[in-house]
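Engineer: Quick one, structure for this:
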Amino acid sequence: MDYKISDLSPHLFWDVDRNKISWNKDAPYIINGIVEYGVFSDFKIMLKIYSRELIVEIIKQLRYLTPKMHQFLSLFFNQDEMEFRCYEQRFLNRKHWIY
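Structural biologist: Numbers count the residues shown, from 1 in each chain. Just a heads-up that it's a prediction; the model follows:
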């Protein structure tokens, strides 16, 4: 089955013209949008469109993931959570307690 961008949740790409988004050219943007704001049906479409290797490569480079999504993705794709860029960023951006 061929999927169109319009098959994804409408709230994912509200800020751009959906007709100009390309599955291939905009893969990092699409994958980031799905893991950050998508629903499970969007996630399933992502898994059908993109290879597992490409998804893992892209999600490991994301600067931010919620702790819950970070853990889910590392378990789902069987990846060490410390290999994600967001894991490193979380510790670099720690704020000190002020008394």
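Engineer: For Tyr99, give me the pLDDT.
Structural biologist: For Tyr99, the model assigns a pLDDT of 53.
Engineer: Need the pLDDT of Tyr64.
Structural biologist: Tyr64 is given a pLDDT of 89.
Engineer: Does it touch Cys86 like I think?
Structural biologist: Yes: Tyr64 sits in contact with Cys86 when judged by CB atoms under 8 Å, with a separation of 5.4 Å. Glycine gets a C-beta too; all of them are placed from N, C-alpha and C.
Engineer: Have a look at those two and say which one is more surrounded.
Structural biologist: Using other CB atoms under 10 Å as the criterion, Tyr64 and Cys86 rank with Cys86 on top: 19 against 13.
Engineer: Check which helix or strand the residue lying closest to the more buried one once chain neighbours are set aside maps to.
Structural biologist: Leaving aside its chain neighbours, Cys86 sits nearest to Leu65 (4.5 Å; criterion: CB to CB, 6 or more residues apart in numbering). Leu65 is part of no helix or strand when elements are defined by DSSP states H and E.
Engineer: count of neighbours near Leu65?
Structural biologist: Neighbours of Leu65 (other CB under 10 Å): 23.
Engineer: And for Ser51?
Structural biologist: 9.
Engineer: tell me the pLDDT at it?
Structural biologist: Per-residue pLDDT puts Ser51 at 96.
Engineer: tell me the contacts of it?
Structural biologist: Contact partners of Ser51, counting by CB atoms under 8 Å, 6 or more residues apart in numbering, are absent.
Engineer: can you pull the contacts of Gln79?
Structural biologist: By CB under 8 Å, 6+ apart, Gln79 lies in contact with Val56, Lys60, Leu73.
Engineer: Mind putting these into CSV with distance to Val35, pLDDT and secondary structure?
Structural biologist: Listed next are those as CSV, based on distance: CB to CB, whole Å; pLDDT from 0 to 100; DSSP: H, G, I helix; E, B strand; the rest coil:
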residue, distance to Val35, pLDDT, secondary structure
Val56, 11, 97, helix
Lys60, 11, 95, helix
Leu73, 7, 95, helix
